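**Q** Give the three-dimensional model of this entry:
(2 chains)
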Amino acid sequence: NAGVTQTPKFRILKIGQSMTLQCTQDMNHNYMYWYRQDPGMGLKLIYYSVGAGITDKGEVPNGYNVSRSTTEDFPLRLELAAPSQTSVYFCASSYGGRPEAFFGQGTRLTVV
Amino acid sequence: DQQVKQNSPSLSVQEGRISILNCDYTNSMFDYFLWYKKYPAEGPTFLISISSIKDKNEDGRFTVFLNKSAKHLSLHIVPSQPGDSAVYFCAASGGDMRFGAGTRLTVKP
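**A** All right, here's what the predicted structure looks like:
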């Protein structure tokens, strides 16, 4: 009964480094999302996917890349990390036709 | 472009009273509106939703009202309980899903 699983839970990156935030879901949901939440702010949509092989930009896609090769996995890639990418990242999934999304526990990323 | 807005960052109510959380949106193409609850160090959890073709949806102590002409929705919690203390996010769905900034609700015993 895992739901949406994100790894790692915490990470510290140096400026200019790259990393991939992993997200996997076992509910056979076709929609998946990546959000970031800055302190005191709401969730901003980075990228989303409506199915394997299909991705689309959200509100704040710059500095990130995604891929969706399977229904289960939706990794988020950060290239050339910058301090402005310090945030908590949430992955979510939903079943097309039903609006409610299920969220992972989040990844707290600090870029120094 | 803030399509979903929650203008009250915080709300404090007494236990047993009504909590009313408000949300405004700008995009008339949204077809579902949702409320999520978030505790510290956890991901948001779905609370209640409403379709754009309805004006009210009730689930136990939680009721969501939608006023399409005003592009406004609200969440009513009656009676409020200390365990309801959390950050509440309004969200709107229409292809993707957009969130407001959240309102921190504190219910005092």
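**Q** Pick out the residue of chain A closest to chain B.
**A** Closest approach between chain A and chain B, counting by Cβ to the nearest Cβ: A:Phe103, at 3.2 Å. All C-beta spots, glycine's among them, are computed from the backbone N, C-alpha and C.
**Q** I figured that residue hits B:Leu34, correct?
**A** No - counting by Cβ atoms under 8 Å, A:Phe103 sits too far from B:Leu34 to count as a contact (12.0 Å).
**Q** What pLDDT is listed against B:Asp96?
**A** According to the prediction, B:Asp96 has pLDDT 83.
**Q** Dihedrals phi and psi, it?
**A** Phi and psi for B:Asp96, reported as degrees, to the nearest 10, are phi -110, psi -170.
**Q** so who does the closest residue to it other than its chain neighbours touch?
**A** Excluding the flanking residues, the one nearest B:Asp96 by Cβ to Cβ, 6 or more residues apart in numbering or on different chains is A:Tyr48, at 5.0 Å. Applying Cβ atoms under 8 Å, 6 or more residues apart in numbering or on different chains to A:Tyr48 gives the contacts A:31-34, A:55-56, A:58, B:96-97.
**Q** Mind picking the two most distant members of these?
**A** Across those, the longest distance by Cβ to Cβ is 15.0 Å; it joins A:Thr55 and B:Met97.
**Q** Between those two, which has more neighbouring residues?
**A** A direct count of neighbours by other Cβ atoms under 10 Å in any protein chain shown for A:Thr55 and B:Met97 places B:Met97 higher, at 25 against 18.
**Q** Which residues does the one helix or strand that one maps to contact?
**A** In the assignment (DSSP states H and E), B:Met97 maps to strand B:96-99. Around strand B:96-99, the neighbours that count as contacts under Cβ under 8 Å, 6+ apart are A:33, A:35, A:42-45, A:48, A:56, A:58-59, A:92, A:94, A:99, A:101, B:3-4, B:27, B:34, B:36, B:89-92.
**Q** Quick check: pLDDT value at the residue of chain B found nearest chain A.
**A** Nearest residue of chain B to chain A: B:Gly43, at 3.2 Å (Cβ to the nearest Cβ). Looking at B:Gly43, its pLDDT stands at 94.
**Q** Next up, the contacts around the closest residue to it other than its chain neighbours.
**A** Using Cβ to Cβ, 6+ apart and skipping the chain neighbours, the partner closest in space to B:Gly43 is A:Phe103 (3.2 Å). By Cβ under 8 Å, 6+ apart, the contact set of A:Phe103 is A:4, A:90-92, B:36, B:43-45.
**Q** ok, back up a step: and the residue nearest to B:Asp96, which of the three is it?
**A** In terms of secondary structure, A:Tyr48 is strand; the call rests on DSSP: H, G, I helix; E, B strand; the rest coil.
**Q** Kindly report the same for A:Gly96.
**A** Per three-state DSSP, A:Gly96 ends up coil.
**Q** What segments of chain B are strands?
**A** Per DSSP state E, chain B carries strands over the ranges B:4-5, B:10-14, B:19-25, B:32-38, B:45-51, B:56-59, B:62-67, B:72-77, B:86-94, B:96-99, B:103-108.
**Q** Out of these, which gets the lowest mean score?
**A** Looking at these, the bottom one is strand B:96-99 with a mean of 88.
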